[in-house]
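Visitor: Here you go, sequence then predicted model.
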Amino acid sequence: MKIFITGGSGFIGTHLIQLLDLMGLYEIINYDLKDPKIISNAIYIKGDIRNESQVFNAMRNCDVIIHLAAIWDDFSLDESEYFSTNVDGTQSVINGAKRHHIHTFINYSSVSVYGETEEECIEKMTNLKPTNPYGKSKLMAEKLFENWYKENLNISVVHLRPSVVFGKYNYGNIYRLINQINSGFYFNIQKSKSSLKSITYVENLTNATVFLLGKIKKGIEIYNYSDTPHMNTMQISNIIEKRFGKKAGLAVPYTFAFALAIPFDLISNLTGKNIPISTMRVKKYCTQTLNNSDKIKLLGYKSVFSSIEGLEKTVDWYKTNRGSN
């Protein structure tokens, strides 16, 4: 089987290619604008998913497409960039698949399609009301596959919606939290005790991807993914602190934390820099994002690591690699 992976040089893609390489069962094409950071048996083709002719030529003779390529940033991107890459780029990949008669897809979507909701997010039960450009663009990308399915009932598509993904090679939200705790300039927020956060350890996610590859069938299926136990941000930070051998940080009222972040917003606006502390991040810190993943478990998937073990492994990696990004 020949697998075409878009965005294979990215964080999740790197781990996925390592896993598929280790299995030794597949021929892999990594199609990405960025050069890979690891040595693997995958064939690397440099290209942009928005360039339809490049995509078409690169996916020749492939059997399966795993679509990872996307653009994401919490706060600093122009809105049009999300739709250019995440929507137009996805359409370009679909068009290439149509021309090559490739009918099997795993599309990486996101829990962001649910929007800012305090309720537990369940596939096909929770309303889809994305509130940011990233979530809106990922939902639009999902709908492109629905349009394709109306044309061709023989396609097999899985939409995989993970919550916040973390682990080795990642420098996103969990990494910033680990880095902040290690710096000593960190405090908890009391309000966060009441809000659970679903998080996803990358090795579990890539194992889940391979598992779903073996279960895929005709039609469109949607699977959430997150690890257990679900924890609030204070519990997550306490696990990180304990792994560093530090005492639990001071917990302050939400109003104090919000007021403290206001000057950093002003600095960010003046300098154009994405500063780790902001009122937006304080809000996100205390907002519940609970992603129900029972569906994939009922299918038979069992994660290798708990969310606690994933955090511990990531802190251990940070200790030996901090400053190398």
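Guide: Perfect, I can see it now.

Visitor: For the chain, just list every one of the strands.
Guide: 2-6, 27-32, 43-46, 64-67, 104-108, 156-162, 164-166, 188-189, 196-197, 199-201, 219-225, 231-232, 251-252 (DSSP state E).

Visitor: what would the ones you listed look like in JSON lines with mean pLDDT?
Guide: Compiled in JSON lines, those are given as follows (pLDDT from 0 to 100):
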{"stretch": "strand 2-6", "mean pLDDT": "98"}
{"stretch": "strand 27-32", "mean pLDDT": "98"}
{"stretch": "strand 43-46", "mean pLDDT": "98"}
{"stretch": "strand 64-67", "mean pLDDT": "98"}
{"stretch": "strand 104-108", "mean pLDDT": "98"}
{"stretch": "strand 156-162", "mean pLDDT": "98"}
{"stretch": "strand 164-166", "mean pLDDT": "96"}
{"stretch": "strand 188-189", "mean pLDDT": "81"}
{"stretch": "strand 196-197", "mean pLDDT": "90"}
{"stretch": "strand 199-201", "mean pLDDT": "97"}
{"stretch": "strand 219-225", "mean pLDDT": "98"}
{"stretch": "strand 231-232", "mean pLDDT": "92"}
{"stretch": "strand 251-252", "mean pLDDT": "80"}
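
Visitor: Tell me which of these approaches residue 125 most closely.
Guide: Nearest to residue 125, of all those, is strand 219-225, at 10.6 Å by Cβ to Cβ. Bear in mind the C-beta positions are built from the backbone N, C-alpha and C, glycine included.

Visitor: The closest one: partners in the sheet, and parallel or antiparallel?
Guide: strand 156-162 (parallel) (DSSP bridges).

Visitor: where's the spatially most central residue of the chain relative to residue 259, distance?
Guide: With the centre of the chain defined as its mean C-alpha position, the nearest residue by Cα atoms, centre = their mean is residue 165, 4.8 Å away. From residue 165 across to residue 259, the span is 31 Å (Cβ to Cβ, to the nearest Å).

Visitor: coming back round to it: hmm, the residue nearest to the centre of the chain is touching residue 11, no?
Guide: Yes. Between residue 165 and residue 11 there is a contact under Cβ atoms under 8 Å: 7.3 Å.

Visitor: any common contacting residues for those two?
Guide: 172, 202 (Cβ atoms under 8 Å, 6 or more residues apart in numbering).

Visitor: Once you drop chain neighbours, what's closest to the residue nearest to the centre of the chain?
Guide: Excluding the flanking residues, the one nearest residue 165 by Cβ to Cβ, 6 or more residues apart in numbering is residue 200, at 4.6 Å.

Visitor: quick one, what contacts that neighbour?
Guide: Going by Cβ under 8 Å, 6+ apart, the list of residues near residue 200 reads 162, 163, 164, 165, 166, 225, 226, 227.

Visitor: okay, those residues in JSON lines with distance to residue 145 next?
Guide: Listed next are the contacts of residue 200 as JSON lines, based on distance: Cβ to Cβ, whole Å:
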{"residue": "162", "distance to residue 145": "17"}
{"residue": "163", "distance to residue 145": "21"}
{"residue": "164", "distance to residue 145": "23"}
{"residue": "165", "distance to residue 145": "21"}
{"residue": "166", "distance to residue 145": "27"}
{"residue": "225", "distance to residue 145": "18"}
{"residue": "226", "distance to residue 145": "22"}
{"residue": "227", "distance to residue 145": "26"}
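
Visitor: farthest-separated two in those?
Guide: 166 and 225 (12.9 Å).

Visitor: Show me where the stretch 1-150 of the chain has its helices.
Guide: 11-23, 52-58, 79-83, 89-100, 133-151 (DSSP state H, counting those that start in this stretch).

Visitor: Out of those helices, which gets the lowest mean score?
Guide: Ranked by mean pLDDT, the helices of the stretch 1-150 of the chain bottom out at helix 79-83, which scores a mean of 86.

Visitor: Noted, bye for now.
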